[in-house]
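A.B. asks: quick one, structure for this:
(one chain, ligands or ions: 2)
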Amino acid sequence: MPANLTPQYHKAEAAYRQAETPQEELECLQVMLREIPKHKGTDKLQADLKSKIAAIKADVQKLSSQAAATKAATKLPKQGAGRLLLIGAPNSGKSQLLASLTRAQPEIAPYPFTTQSPTPGMMLYEDCPFQLIDLPPVTVDFMDRATVGLVRGADLVFLVVDLASDNLIEDTQAVLDRFAHSKTRLGRETRLDEEDIGVSYTATLVVLNKVDAPDATERLQLLDEFLEMPFDRTEVSAAEGTGLDQLRQLVFERLEIVRVYTKHPKQKEPDMTKPFTIRSGDTLVEVAERVHKDMAATLKAARVWGTAVHDGTTVKPDYQPLDGDIIELHAGS
Ligand SMILES: Nc1nc2c(ncn2[C@@H]2O[C@H](COP(=O)(O)OP(=O)(O)OP(=O)(O)O)[C@@H](O)[C@H]2O)c(=O)[nH]1
Ligand SMILES: [Mg+2]
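C.D. replies: Ligands and ions are numbered 1, 2, ... in the order given. Down below sits the predicted model:
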């Protein structure tokens, strides 16, 4: 990667990775091309961007207005501190996980292909909400049309493995194969491929479900022997509720969420009912963006009550909040 890429370039690149439609991808790529410093060292990247833009323009034109309308209708708005997806073989317990982790009431049944369309719910870790989306199953022959787009834009994929099934190796392999050869892949971390500009990876956590089933331990040993999955993992029983608190915490840690509580300058007490959420390393500018769309541009300073600074310390907009900080934002005129 060439040096000296602007913040706008990085922002567009991050948005590109999360884009769910060709139109969104196109807009991000155009910003990246505009922002990239034009010199010899970036020639290859410029050429990659240009050919990608040409290909996507063709894609965008192909999308008939009919298809675009259906897509818009089925698009789920993002909510909460991050988007998580339930992906896996039929009957692995994805819908039971959605039901056990959120207030959603999806259909759960002891036969495959119960879930027909993406079904969202909100999962809480303490006071921090995450959007969890249950998806139709993935098999050798079947993957729902919406799945790839959702994976590309998600913060974390739960790859659900069924420890009660004797077919768990083939079934899980089928899911992995589906993504291995596409431009949207399951990865250890969320990132863009630096070699191939179209390829993106979405961070994946293997959720080993049904640990309560007879012979679950033996099946897990077989899985480890025959299938390589370079992802973090955790064990749960969606039906009995074991491992679910740990799963919630893992999500919070993996996404490096920082909760910030705000206090109005004219009020004595902060609002502790609902945190604003940012990622570790984000600054007060990102907090201000979430508080009010005009606030980020006018932010001049803030006072902070937190673990890293003395209570009430005045800080600049580039201050990086820590989880639990209370912040009083001050705008300039
Ligand atoms: N023993 C046990 N059974 C479970 C567990 N979780 C789910 N099940 C059962 O597994 C079956 C399938 O559960 P679902 O949640 O419908 O599975 P799914 O992955 O959503 O299936 P599709 O929608 O077809 O992809 C149901 O009979 C559930 O009761 C678990 O932790 N332990
Ligand atoms: Mg289901």
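A.B. asks: for the stretch 1-150 of the chain, what lies in contact range of ligand 1?
C.D. replies: Listed as neighbours of ligand 1 in the stretch 1-150 of the chain under the rule C-beta under 6 Å from any ligand atom: 88, 90-96, 108-110, 112-115, 137. Using the backbone N, CA and C atoms, a C-beta is placed for each residue, glycine as well.
A.B. asks: just those: which are in helices?
C.D. replies: Using DSSP state H, the members of those that fall within helices are 94-96.
A.B. asks: out of these, which one sits closest to Val304?
C.D. replies: Lys94 (40.9 Å; C-beta to C-beta).
A.B. asks: show me the contacts for the closest one.
C.D. replies: Lys94 makes contact with 86-88, 115, 134-135, 137, 158, 160 under the criterion C-beta atoms under 8 Å, 6 or more residues apart in numbering.
A.B. asks: tell me the pLDDT at it?
C.D. replies: We have a pLDDT of 98 for Lys94.
A.B. asks: nearest residue to it in space, please, no chain neighbours.
C.D. replies: The shortest distance from Lys94 to any non-neighbouring residue, by C-beta to C-beta, 6 or more residues apart in numbering, is to Leu86 (4.0 Å).
A.B. asks: wasn't the one you found part of a strand?
C.D. replies: Yes - counting by DSSP: H, G, I helix; E, B strand; the rest coil, Leu86 is found in a strand.
A.B. asks: quick one: neighbours of it, just the number.
C.D. replies: Counted with other C-beta atoms under 10 Å, the neighbours of Leu86 add up to 29.
A.B. asks: might one say that it is in contact with Pro136?
C.D. replies: No - taking contacts as C-beta atoms under 8 Å, Leu86 lies outside contact range of Pro136: 10.1 Å.
A.B. asks: residue contacts, Val31?
C.D. replies: Counting by C-beta under 8 Å, 6+ apart, Val31 touches 8-9, 11-12.
A.B. asks: now with 10 Å?
C.D. replies: 6, 8-9, 11-13, 15-16 (C-beta atoms under 10 Å, 6 or more residues apart in numbering).
A.B. asks: need the strands for the stretch 201-333 of the chain, in chain order.
C.D. replies: Secondary structure of the stretch 201-333 of the chain (DSSP state E, counting those that start in this stretch): strands located at 232-235, 257-262, 271-279, 299-305, 313-315, 325-331.
A.B. asks: now the ones you listed as JSON lines including distance to ligand 2?
C.D. replies: Shown next, in JSON lines, are these (distance: least, C-beta to the ion, whole Å):
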{"stretch": "strand 232-235", "distance to ligand 2": "20"}
{"stretch": "strand 257-262", "distance to ligand 2": "27"}
{"stretch": "strand 271-279", "distance to ligand 2": "28"}
{"stretch": "strand 299-305", "distance to ligand 2": "44"}
{"stretch": "strand 313-315", "distance to ligand 2": "47"}
{"stretch": "strand 325-331", "distance to ligand 2": "39"}
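A.B. asks: for Ile197, find the nearest of those strands.
C.D. replies: Using C-beta to C-beta, these put strand 271-279 closest to Ile197, at 23.4 Å.
A.B. asks: ChimeraX command to pick out the buried ones of the residues of the stretch 1-150 of the chain next to ligand 1?
C.D. replies: Command for ChimeraX that selects the buried part of those, burial taken from 16 or more other C-beta atoms under 10 Å:
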select :88,90,91,92,93,94,95,96,108,114,115,137
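A.B. asks: of the residues of the stretch 1-150 of the chain next to ligand 1, closest to Ala302?
C.D. replies: For those, with Ala302 as the reference and C-beta to C-beta as the criterion, the closest is Lys94, at 41.7 Å.
A.B. asks: give me the nearest residue to Thr102, chain neighbours excluded.
C.D. replies: Gly121 (2.9 Å).
A.B. asks: same check on Arg254?
C.D. replies: Leu156 (6.1 Å).
A.B. asks: how near is the residue lying closest to Val236 once chain neighbours are set aside to Ala164?
C.D. replies: Among residues not flanking Val236 along the chain, Gly243 sits closest, at 3.6 Å (C-beta to C-beta, 6+ apart). Distance, Gly243 to Ala164, by C-beta to C-beta, to the nearest Å: 15 Å.
A.B. asks: and the chain, which residues reach ligand 2?
C.D. replies: Residues of the chain lying near ligand 2 by C-beta under 5 Å from the ion: 94-95, 114-115.
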